[in-house]
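[1] Pasting the sequence and the predicted coordinates here, then a few questions.
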Amino acid sequence: MALQIPERIYAQIAAHLEAAFPNEGVGLLLGEANGSHRNVRMMLTFENRFSPDEQHHRYLLTAADMRAGENAAEKHALDVIGVFHSHPDHPARPSDYDREQALPWWSYLIVSVHETGAGAARSWLLVDDRARFKEERVHIQAGH
Amino acid sequence: MATIRIPTPLRAYTGGEAEITVSGDTVGAALQDLTAQHEQLRQHLYSEKGELRAFVNVFLAGDDVRHLKGEDTPLQADSRLRIVPSVAGGIR
């Protein structure tokens, strides 16, 4: 399993998440899923809709946001293939809360963000029985 | 019969079908029929307590059924439902 992200798009993701620090930032990954390989072609940023006093450890995209994302994907003949969010001053590993709220198939890209900027980026897929996440490789494509 | 549009992440459990025809006079009955047809969907739509998961939103003609009569919302033979997930998470 691998999530391929062009360097240019990853830079946009990192910039959005750094701008949200010390709160969690969030957005959608649009692209193509081809067997176990996913290619990100676009990213969409969204406001974190969780209550402002809890955005330092929570994020929310509403159903309206998701519909907007699905419509944008459809317009470009792509799919929503995943979600990205930041863990401010925490490792890029999913929490139990992430798992409880997750759906299978989507890639959950988590970026650890610190005051100095974006750090490690790791991506996770929920297993069918919802018991855990499994990691997928993140490949940031230099020069793309 | 009513139809339910399935979001992309859950189509792995409907044999890739985006739209499923269901029976039932209410939203709740339609969802029960959906999960009877595709049993693996149940754990993703419902919690262990049998309640619709918080991130599962069901729309009828553009309206969130939570703002109608919830799972008791009546359906017509040509009703079109759409499941739209909201997405949440975070450090803890």
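    Yep, it's here.
[2] Going by C-alpha atoms from here, please, whenever you check contacts or count neighbours.
    Fine.
[3] wouldn't residue A:27 be in contact with residue A:83 here?
    Yes. Assessed by CA atoms under 8 Å, residue A:27 is found in contact with residue A:83 at 5.9 Å.
[4] Residue A:10: neighbour count?
    Counted with other CA atoms under 10 Å in any protein chain shown, the neighbours of residue A:10 add up to 20.
[5] same question, residue A:108
    29.
[6] so which strand or helix has it?
    Taking DSSP states H and E as the definition, one finds residue A:108 inside strand A:107-114.
[7] Return the list of helices and strands in contact with that strand.
    Applying 3 or more CA pairs under 8 Å, 6 or more residues apart in numbering or on different chains; DSSP states H and E, one finds that strand A:107-114 contacts helix A:7-20, strand A:79-88, strand A:117-126.
[8] That strand - what's its average pLDDT?
    Averaged over strand A:107-114, pLDDT sits at 97.
[9] Report the strands that pair with it, each with its relative direction.
    strand A:79-88 (parallel), strand A:117-126 (antiparallel) (DSSP bridges).
[10] any idea which of those strands is most buried?
    Across the strands paired with strand A:107-114, averaging neighbours per residue (mean count of other CA atoms under 10 Å in any protein chain shown) puts strand A:79-88 on top, at a mean of 27.
[11] and the spatially closest residue to residue A:36 that is not a sequence neighbour, what does it touch?
    Spatially, and ignoring its direct neighbours in sequence, residue A:36 is nearest to residue A:1 (4.8 Å; CA to CA, 6 or more residues apart in numbering or on different chains). Applying CA atoms under 8 Å, 6 or more residues apart in numbering or on different chains to residue A:1 gives the contacts A:36-37, A:136-137.
[12] Enumerate every residue touching residue B:61.
    Residues in contact with residue B:61 (CA under 8 Å, 6+ apart) are B:79-81.
[13] Most neighbours among these, which one is it?
    For those, the largest neighbour count, defined by other CA under 10 Å, is 25 neighbours, found at residue B:81.
[14] Assumed it was part of a strand.
    Yes. Applying DSSP: H, G, I helix; E, B strand; the rest coil, one finds residue B:81 inside a strand.
[15] partners of it in the sheet?
    Applying DSSP bridges, one finds that residue B:81 bridges with residue B:4, residue B:60.
[16] quick one: it and chain A, what's the gap?
    14 Å (CA to the nearest CA, to the nearest Å).
[17] show me what contacts that residue?
    Residue B:81 sits next to B:2-5, B:58-61 when contact means CA under 8 Å, 6+ apart.
[18] what do you get for residue A:105?
    When contacts are counted by CA under 8 Å, 6+ apart, residue A:105 touches A:81, A:125-126, B:9-10, B:12.
[19] Can I get those in TSV including distance to residue B:22?
    Putting those into TSV (distance: CA to CA, whole Å) gives the following:
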residue	distance to residue B:22
A:81	27
A:125	29
A:126	27
B:9	20
B:10	16
B:12	18
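[20] Appreciated, that's everything.
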